[in-house]
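> need a structure here:
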Amino acid sequence: MGLRLALSPDSERVLRYAKSVALAVGQTCSLIHVIEDSKPQSKTRRRSDGERKALQRIAELQSSVGSEARVSIVVGPVKETLLAQARETYSDVLVIGEKSSR
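Presented below is the predicted three-dimensional model:
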């Protein structure tokens, strides 16, 4: 099962839900965080800064939820990147946490 995590205030709730669903059906959960690629010229710098921040936040979330999900952080257009990651990991279910507007 794949989980697209937007790192919003609701991320902990979404991760808890995905973890419980995966456990209920005897599957594992993988976390996918997409760093949207809107400025190709700064892709390398944004990716390393974005990855570092995302990995730190995801580690905090996983610790608070008791999750040990595999984490993938990728750069690209969100929709296409999520679909490609879901195919590559053979995900049966994709839980998507919405990006907060707050």
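
> break down the chain into its helices, ranges please.
Shown for the chain, the helices assigned by DSSP state H span residues 11-24, 43-65, 78-88.

> list the helices and strands the first one packs on?
The one in question is helix 11-24. Secondary-structure packing of helix 11-24 (3 or more Cβ pairs under 8 Å, 6 or more residues apart in numbering; DSSP states H and E): strand 2-4, helix 43-65, strand 94-96. (Each C-beta comes from the backbone N, C-alpha and C, glycine too.)

> out of the helices of the chain, deepest packed?
Mean neighbour count (mean count of other Cβ atoms under 10 Å) peaks for helix 11-24 among the helices of the chain, with a mean of 17.

> quick one: mean pLDDT over that helix.
Helix 11-24 shows a mean pLDDT of 88.

> how close does Y17 get to A59?
19 Å (Cβ to Cβ, to the nearest Å).

> show me where the protein dips below the pLDDT cut-off.
Of all residues in the chain, those with pLDDT under 70 make up the ranges 1-6, 38-47, 97-102.

> re earlier: please name whichever of the helices and strands packed on helix 11-24 is nearest to L23.
Checking the helices and strands packed on helix 11-24 against L23 by Cβ to Cβ gives helix 43-65 as the closest, at 11.7 Å.

> so which elements touch that closest one?
Against helix 43-65 (3+ Cβ pairs under 8 Å, 6+ apart) you get helix 11-24, strand 30-35, strand 70-75.

> list the contacts of it.
Contacts with helix 43-65, where a contact means Cβ atoms under 8 Å, 6 or more residues apart in numbering, come from 5, 7, 11-12, 15-16, 19, 31, 33, 35, 37, 39, 67-69, 71, 73, 75.

> which of those residues are buried?
5, 7, 11-12, 15, 19, 31, 33, 35, 37, 67, 69, 71, 73, 75 (16 or more other Cβ atoms under 10 Å).

> picking that back up, and R87, which of the helices and strands packed on helix 43-65 is closest to it?
Closest among these, using Cβ to Cβ: strand 30-35, at 11.8 Å.

> thanks a lot, see you next time.
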